[in-house]
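Student: Got a predicted structure plus its sequence, pasted below:
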Amino acid sequence: MPKFFTALILMSFFPLIACTSQEQADAKMVKGCKAAVSSLISPKEIIEVKKEEFSFEKTQDDGKLRSIALTIFEKDGWIEIDKTYSCLFLEQWGFMKTSHKALIIQVDIDGEITGKVDGRIQGGFDEFLKLTETIDKAMGQ
């Protein structure tokens, strides 16, 4: 009987230990956004991410929309400039935040959106599919 109670107590602490914080989720989504931007601005290259900004967008029934804006120092041949790009993710959390999944909704590159706008895919389905695969790989999903 004491072993049962010990096991029950240990199992009750597991969700607390396995929780994913918003900061951890944001770090994962930054990797995905950076990979998306890198693939869409090619042959330009990202030298460094100078600034990361996060905000919540309108809530959907099955998760929260998280906007990530990256100010990036990029190089295009001879020119090196700072530019800001943004990504919009749909976040899905598991029970008691034991898991987190982020699905790309759209990527904004200089006002040109690749992804979903009002439920329709902009920029072509194949391009969006390839972009999704790139992002999922970068985020380890």
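Tutor: Good, I have the coordinates.
Student: quick check, residue 127 in a helix?
Tutor: Yes. Assessed by DSSP: H, G, I helix; E, B strand; the rest coil, residue 127 belongs to a helix.
Student: list the helices and strands the helix or strand encompassing residue 46 packs on?
Tutor: In the assignment (DSSP states H and E), residue 46 maps to strand 45-60. Packing partners of strand 45-60 (3 or more CB pairs under 8 Å, 6 or more residues apart in numbering; DSSP states H and E): helix 22-41, strand 63-76, strand 79-93. Every residue, glycine included, has its C-beta placed from N, CA and C.
Student: Surely residue 76 touches residue 47?
Tutor: No. Counting by CB atoms under 8 Å, residue 47 is not a contact partner of residue 76; they are 10.6 Å apart.
Student: Next up, the contacts around residue 67.
Tutor: Listed by CB atoms under 8 Å, 6 or more residues apart in numbering, the contact set of residue 67 reads 54-57, 86-89.
Student: how about a cut-off of 7 Å?
Tutor: 55, 57, 86, 88 (CB atoms under 7 Å, 6 or more residues apart in numbering).
Student: Tell me the pLDDT of it.
Tutor: On pLDDT, residue 67 comes in at 96.
Student: Kindly state the beta-bridge partners for it.
Tutor: Per DSSP bridges, the residues bridged to residue 67 are residue 55, residue 88.
Student: Using the three-state scheme, assign residue 133.
Tutor: From three-state DSSP, the assignment for residue 133 is helix.
Student: Skipping adjacent residues, who's closest to residue 135 in space?
Tutor: Nearest residue to residue 135 in three dimensions, chain neighbours excluded: residue 32, at 4.0 Å (CB to CB, 6 or more residues apart in numbering).
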